[in-house]
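J.: The sequence isn't on hand, but the structure is:
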């Protein structure tokens, strides 16, 4: 038999273990608390879901994240007159422009996607984008001569990036860059990285319109549930199908013309512009791209819609680590 003194000691140890277990469980519960935030940024709704120890920590991280997106907008937007992108667009041909690390990075990533997609993704489409945007609002097709001039200023291969010197050079007269097809994905990635490195928050999901950057899964889960919408009746209908996928440390972007389209002269045109025609794509198609990061998925989703299902699927086979989900 155990002595009464030893019994008391063991009882005390059990009590201490129980207390430690309770404290550990309480700490785990604190870590598992989910907080959700949203803010209008880059002309769309940014949403952040994250797991933090308390609301104060979560709010501080979210506020910093949204401020960071606002700063990126000041670099990448073609709508803001004093953005860094517009300063670059105002440079003369063949004059190197000293760029911020972020602008240098996003332009370099854009060129990588252009090469992978044989130019179906092309950020040198600024003139075409502005022309199409203007004429679409009037429900008219661009005049052939103006369209030809806008297309003539496009050429992703005429865009030079010198990483060592930190410069970007527009080598073609009249060239204008438009980062609309990649900036939101890049921003989502940047927010996820910022949450991890500055706030030590790894369990997070960042939604930037149709682009989602995904970190570590929520506690006790295999991944974040992401719903990919497949529209069955894109024009005037209401039917749709939602496919749920579980993702972690990945990204997914969806692009398509199923909602944002316009009919001009009896033909349906999407808001996504084909670099080849200089007009909105005319095929009713949507594509979701699952990739390692949202910068890649954002740009590739745009390119896949431009390429179409058949050609896009063929090119995608040559790009490791991505998955396509088509809907028509």
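T.: That came through fine. Keep in mind that this is a model prediction, so the values were computed, not measured.
J.: Quick check: buried residues in stretch 139-159?
T.: 141-142, 147, 150-151, 153-156, 159 (16 or more other Cβ atoms under 10 Å). Every residue, glycine included, has its C-beta placed from N, CA and C.
J.: Out of these, which comes closest to residue 276?
T.: Within those, the smallest distance to residue 276 is 8.6 Å, found for residue 151 (Cβ to Cβ).
J.: If you count contacts, what does the helix or strand that contains residue 193 end up packed against?
T.: Taking DSSP states H and E as the criterion, residue 193 maps to helix 183-199. Applying 3 or more Cβ pairs under 8 Å, 6 or more residues apart in numbering; DSSP states H and E, we find helix 183-199 packed against strand 44-51, helix 55-76, helix 101-116, strand 204-208, strand 211-214, strand 250-256, helix 294-307.
J.: so what's the residue positioned nearest the centre of the chain up against?
T.: Taking Cα atoms, centre = their mean as the criterion, residue 185 is the residue nearest the geometric centre of the chain, at 1.5 Å. Neighbouring residues of residue 185 by Cβ atoms under 8 Å, 6 or more residues apart in numbering: 208, 211, 213, 251, 253, 293-299.
J.: Then residue 130?
T.: By Cβ under 8 Å, 6+ apart, the neighbours of residue 130 are 150, 176.
J.: Could you say which helix or strand holds it?
T.: helix 126-137.
J.: orientation of the helix or strand just after that helix relative to helix 126-137 in degrees?
T.: Per DSSP H and E, the first helix or strand lying C-terminal to helix 126-137 is helix 144-152. On the basis of axes from the mean of the first three to the mean of the last three Cα atoms, to 10 degrees, helix 144-152 is oriented at 140 degrees to helix 126-137.
J.: so what secondary structure elements neighbour helix 144-152?
T.: For helix 144-152, the packing partners by 3+ Cβ pairs under 8 Å, 6+ apart come out as helix 126-137.
J.: State the mean pLDDT of the helix it packs on.
T.: In this model, helix 126-137 carries a mean pLDDT of 89.
J.: One more: stretch 193-213?
T.: Here the average pLDDT along stretch 193-213 is 97.
J.: low-scoring stretches of the stretch 101-250 of the chain, by residue?
T.: Applying pLDDT under 70 to the stretch 101-250 of the chain flags the ranges 229-240.
J.: re earlier: between the contacts of residue 185, identify the one with the most neighbours.
T.: Counting neighbours by other Cβ atoms under 10 Å, residue 298 leads these with 36 neighbours.
J.: so how far is residue 40 from that residue?
T.: Look at residue 298 and residue 40: by Cβ to Cβ, to the nearest Å, they are 18 Å apart.
J.: Same check on residue 159?
T.: The value you get for residue 159 to residue 40, if Cβ to Cβ is used, is 30 Å.
J.: Count the residues that sit near the nearest residue to residue 41 once chain neighbours are set aside.
T.: In space, and not counting its chain neighbours, residue 41 is closest to residue 69: 4.4 Å by Cβ to Cβ, 6 or more residues apart in numbering. Applying other Cβ under 10 Å, we find 23 residues neighbouring residue 69.
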